[in-house]
Each structure stands twice: as structure tokens, then as C-alpha cells.
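1. need the 3D shape of this:
(one chain, ligands or ions: 1)
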Amino acid sequence: MLKTPKLVMIPGPTPVTRSIQDQMGRETVAFGDSSFVQDYKEVLADLKELWKCSGEVFVIAGSGTLAMEMAIANITKRGDSVLICSNGFFGDRFIDMCQRKGLDVELLSAPWGTSVTAEDVEKKLAEKKYDVVTVTHVETSTGVMAPIEAIGKVVKAHGTLYVVDGVAASAGAEEYVDPMGIDVLLTCSQKAFGVAPGLAILWASTKAVEKRRSLETIPESYADFEKWLPVMHDPSKYWGTPAVNLVWALKESVRIIKEEGIAERYARHLRQADLFDGALETLGFNVAAEKAFRAPTLSVYLYPEGSAVDDATFRKILAEEGAQTAGCLGDFAGKGFRMGHMGNVDKHILVSAIAAVERTAMRCGMDIEPGKGLAVLQKGLVEEH
Ligand code: PMP
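-> Numbering: from 1, shown residues only. You can find the predicted model right below:
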């Protein structure tokens, strides 16, 4: 039988469009090459402008976890207190990271499927002085989006530094650094930017940069803002070799974002998520995230209650049918699958992904009417015009 190509519908990496792939396939040049230096400069300037950041931006080789570590490394010292707001697996990732750094860690967690709120944070900050608050914008294990703007207002009012993990959100869910009172926003290339994995991206407020300066020498070297700042200000300088082809790929991603318009891109993600969730719900699946907190970038779909679907079999067949998805984590493990609908996913991809879910459900013996989920999607896509 002819093999069906697999769409990467996990919550990142996401499908990489041809024009971005082309940038990664270019002949690599010296990192000091004047045209590359110019490209790097432009991508940094665009990121600052698009995310409304009057501070600094960093684009370096690494994954999202490095970006998390870099955020913490530059604004804390041993003994500082941090409030980790966690809505699941990736929020929890900050715990070990902060404990290793010798920070005084306190956890504020929400039940899986919901989010920590601004009121929860206000209560904690009123009780005790924290140096830093961390929030995961979109929690990839639950498909929950945290109210980062409302939490930002509270954190700012208390004079605390505010770290936002935008790994599963940036370039898909609305984020603006200065207007939202964010001190360090961190993300990476392989999710809503639609680039291959390999770049860590951070925005730092002036306050965060001042905090870094006040710490003098920090234990970290590669993750040190101070080592990278001269390069970010003038990419012809050297500290660590830039991922040349990925920087080009990011530049193309940013060009696509500008062409679409960032506000429209955020709006499209909201519409897309609504359609995806609606289509899957019509087929009998349940969205794990509570309605008020659903992410625009990815969803956790739980198998219909009482269904005898075997999780591993379902996801294996779904991959055969053309959509690779991810298994659930923690409280949701074995009960459903995680699906990304972020980045440069066009109508062809959206339709193919829902169609693959329908064929899989039928092959798994679920009682569904073929085309019912697709109809929701198709109607919504037409109504956009
Ligand atoms: N934070 C969040 C919210 C994530 O979803 C992930 C990865 N899925 C990470 C951090 C870690 O990123 P990476 O795997 O690129 O290190």
C-alpha cells in the first residue's frame, strides 16, 4: 500500500513550510559573512519590534529548556525566592532547575486542565516577598493557557520579576513584552514559529538586564546575558557560533509572521483552535482543558467516556493515516492524545489532520459519522471570509 506522509501534528516540532526548509538547505556561510551578519541583525530587530520589547533580545543555539535555564540564571542568585506557577508537566520543570540553582522554591499549582489565576498569585504575593514569579503561558501537557496579562499586572504591582515560558505559545498566542509587564519571555524555534528545533529565543526587559548587571559574575557561562549582549548588539562579534541556517530559517518565519500580521496571526490561532476543538468534540472526544483556559496552539483530546479505545493503537493508526500526535502525560496519560494546531498550518494541513482522525476513529471501531468533524472545520473555514 502506498505510504501516507505523516504530518507532524505533535505540539512541536510543527510542520515546516517549504520556504523555511529552503533556508535550512542553503549553503552555510561563515558566521562573520557580512550578509549573514545583516540577516541576524534584522531578525533580532524584528523580534524586538513585533513583541514590543524595549529591552534586549537573544537568539542562540539551544532548545526551550536552555531558554528556561537562561531566564533563571540571569535574574537570580542563591537564596532568592521564586514562586513557580505551574499548570502541569512543563511548569513543574522550573522546580528542579530552581532548586539546583539554590533558590528558595515555592510551588503554586493548578489542577490539571485548569490554570493558576491572577487572584491566586495576588494572594501569594500579599503573604510573602518573592524575587521572581514564573508562569508557563501554554502548558503543553494539558493544553491550558494561563492569563499572563492579568498575572503580569499583579506581579508588577509587587515589584517582582516576571518570567514567562512562551515555548508552546510564542508566535501563536498573544504576547507582548512591555505591555504585559514581562521581564523575561523565553521560547524556541520549533513550535508556533514553524522552524526546526535548535534555537532558543529570549526577550529581557530593561529591569531584567539591570538585575543581571547587579549580580556581577554568575556561575553560568553559555547562558550568561552579558556574554551574548555584545553579539546581539553587533552580530559580527563572536562568543558562541550562531546556528547560521536556523537564523535564516527564523528570519523567513518572521517574514511570514509580518506578512500575515502578528495580530491576525494570534486571531487565526484562536479561530483555528476553536474549529479543531469543535470538530473533535463533534466526534465525541473531550477537550481536557477547561473552556476558559483553552490554548490557541495545541489541545489535549481525551477519548470519549466509556470507549474501549486502546491509546497506543489509536495513535499508531492515526500516524499511519497521516497525522503524528503525542501521547498524554501525567494525569492524562493513556486517556487521549496531544495535538498541535499552531504555526504555519494551512487549510490543507487542517483538513488532512481532521480527516485522519476520522478515519482512525472508524478503524478503531468508534461509532462516528464520517465527515461530521470535517464539516465543522469546513464551515468555519468558509465563514472566515
Ligand atoms: N516549556 C514548554 C511549555 C514546553 O512545551 C517545552 C517542550 N515541549 C519546553 C519548555 C522545553 O522545550 P525543549 O524541549 O525545546 O527543551
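
2. distance of residue 106 from residue 130?
-> Relative to residue 130, residue 106 is positioned 7 Å away (CB to CB, to the nearest Å). C-beta coordinates here come from the backbone N, C-alpha and C atoms, glycine included.

3. so for the two, which residue has more residues nearby?
-> More neighbours surround residue 130 than the other of residue 106 and residue 130, with 21 against 17 (other CB atoms under 10 Å).

4. what is the mean pLDDT for stretch 29-36?
-> On average, the pLDDT along stretch 29-36 is 97.

5. which positions in that stretch come out as buried?
-> Residues of stretch 29-36 classed as buried under the neighbour-count rule (16 or more other CB atoms under 10 Å) are 31, 36.

6. which residues are in contact with it?
-> Residues from elsewhere that reach stretch 29-36, judged by CB atoms under 8 Å, 6 or more residues apart in numbering: 235-236, 238, 241-242, 244, 247-248.

7. who's in contact with the spatially most central residue of the chain?
-> In the chain, the residue lying closest to the centroid (CA atoms, centre = their mean) is residue 168, at 1.5 Å. Neighbouring residues of residue 168 by CB under 8 Å, 6+ apart: 11-12, 90, 136-140, 191-192, 295, 297-298, 342.

8. among those, which are in helices?
-> Among these, the members found in helices (DSSP state H) are residue 90.

9. dump the contacts of residue 168 into CSV; add pLDDT as well.
-> Shown next, in CSV, are the contacts of residue 168 (pLDDT from 0 to 100):
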residue, pLDDT
11, 97
12, 96
90, 97
136, 98
137, 98
138, 98
139, 98
140, 98
191, 98
192, 98
295, 98
297, 98
298, 98
342, 98
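
10. which one among the contacts of residue 168 gets closest to residue 180?
-> The closest of those to residue 180 turns out to be residue 137 (CB to CB; 10.0 Å).

11. wait, doesn't the closest one sit right on residue 146?
-> Yes. Counting by CB atoms under 8 Å, residue 137 touches residue 146, with 5.9 Å between them.

12. go ahead and confirm residue 160 touches residue 128.
-> No. Under the criterion of CB under 8 Å, residue 160 makes no contact with residue 128, lying 10.5 Å away.

13. for the two, indicate the residue with more neighbours.
-> A count of neighbours by other CB under 10 Å puts residue 160 above the other of residue 160 and residue 128, at 20 against 10.

14. and the more buried one, how far from the ligand?
-> 21 Å (CB to the nearest ligand atom, to the nearest Å).

15. which residues does that residue contact?
-> Counting by CB under 8 Å, 6+ apart, residue 160 touches 83, 125, 129-133.

16. ok, of these, which come out buried?
-> Counted by 16+ other CB under 10 Å, those give 83, 125, 130-133 as buried.

17. mind listing which of the residues you listed are in strands?
-> Among those, the ones falling in strands (DSSP state E) are 83, 132-133.

18. will you turn the contacts of residue 160 into CSV that also has pLDDT and distance to residue 302?
-> Below are those laid out as CSV (pLDDT from 0 to 100; distance: CB to CB, whole Å):
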residue, pLDDT, distance to residue 302
83, 98, 30
125, 98, 34
129, 97, 40
130, 98, 35
131, 98, 38
132, 98, 34
133, 99, 30
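
19. closest to residue 215 among those residues?
-> Within the contacts of residue 160, proximity to residue 215 (CB to CB) peaks at residue 131, which comes in at 11.4 Å.

20. gap between the residue of the stretch 251-385 of the chain found nearest the ligand and residue 287?
-> Nearest residue of the stretch 251-385 of the chain to the ligand (CB to the nearest ligand atom) works out as residue 298 at 8.6 Å. Counting by CB to CB, the gap from residue 298 to residue 287 is 11 Å.
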